[in-house]
Structures are given as C-alpha cells and as structure tokens.
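K.L.:
Predicted structure and sequence below. I'll ask about it afterward.
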Amino acid sequence: MSPRNFSRVFTREVGKTPARYVERLRVDAARHLLEDTTAGSGEVARRCGFGGVNSMRRSFLRVPGVVPSAYRERFRSERTAE
C-alpha cells in the first residue's frame with residue numbers, strides 16, 4: 001500500500017489524518033504526565049515524542065485548547081500538587 005493510499009484509508013476509517021491521530025496520542029500521554037508527575041515541560045515533551053516544548057505547546061493549543069502549564073495547574077492530581 002502506498003503512503004498516499006494508506007493516508008486516505010486511515011483517514012476514512014479513523015476520521016482523522018495519521019498525523020493528527022499521532023498528535024492526539026502524544027497530547028494524551030503528555031496530559032497524563034502533567035497530571036501525575038512533577039516532570040518539567042521539556043522532559044514531558046521529550047518523553048511523549050514532541051520535537052520540543054514549543055511543538056508540545058502548539059499541539060496543546062490545538063487539541064485541548066490550553067497551554068501545558070495551564071492544563072497542569074488545573075488538572076494535576078493532589079499527590080503531585082504537594
């Protein structure tokens with residue numbers, strides 16, 4: 001299967017492009033780390049496969065609609081807030 005055909009079939013079956021799907025997976029992984037750890041933004045970005053903090057920030061603005069620091073402040077778990 002060619003890359004172009006794969007992209008068309010994937011988009012038809014999943015409802016989003018492969019790139020947007022992977023972005024969503026990375027954002028979801030980063031959300032969990034921001035909620036449950038005290039790791040810095042650079043570490044979270046690296047562990048989740050983003051090119052850097054700016055890339056993660058742009059993805060967060062696109063997907064949940066907030067920057068990572070605001071997300072962490074709002075949703076971090078009680079055990080990591082201490």
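P.N.:
Ah, there it is. This is a predicted model, so every value here is computed, not measured.

K.L.:
host element of the closest residue to residue 75 other than its chain neighbours?
P.N.:
In space, residue 75 comes closest to residue 35 once its chain neighbours are excluded; the distance is 5.1 Å by CB to CB, 6 or more residues apart in numbering. All C-beta atoms are positioned from the backbone trio N, CA, C, and that covers glycine. Per DSSP states H and E, residue 35 falls inside helix 18-36.

K.L.:
in the next helix-or-strand element following that helix, what counts as buried?
P.N.:
Sequence-wise, the next helix or strand downstream of helix 18-36 (DSSP H and E) is helix 41-47. Within helix 41-47, the residues scored as buried using 16 or more other CB atoms under 10 Å are 41, 44-45.

K.L.:
Nearest to residue 9 among those?
P.N.:
residue 45 (30.3 Å; CB to CB).

K.L.:
Please report how far that closest one lies from residue 19.
P.N.:
17 Å (CB to CB, to the nearest Å).

K.L.:
again with residue 76
P.N.:
28 Å.

K.L.:
quick one, which of the two is more surrounded?
P.N.:
Just comparing residue 76 and residue 19: by other CB atoms under 10 Å the higher neighbour count belongs to residue 76, 15 against 9.

K.L.:
mind listing what that one touches?
P.N.:
Going by CB atoms under 8 Å, 6 or more residues apart in numbering, residue 76 touches 34-36.

K.L.:
Which one of these is nearest to residue 58?
P.N.:
residue 34 (15.6 Å).

K.L.:
what stretches of this structure score poorly on pLDDT?
P.N.:
Applying pLDDT under 70 to the chain picks out residues 78-82.

K.L.:
State the distance from residue 61 to residue 68.
P.N.:
In this view, residue 61 and residue 68 are 9 Å apart by CB to CB.

K.L.:
And residue 7, by the same measure?
P.N.:
For residue 7, the distance to residue 68 - CB to CB - is 28 Å.
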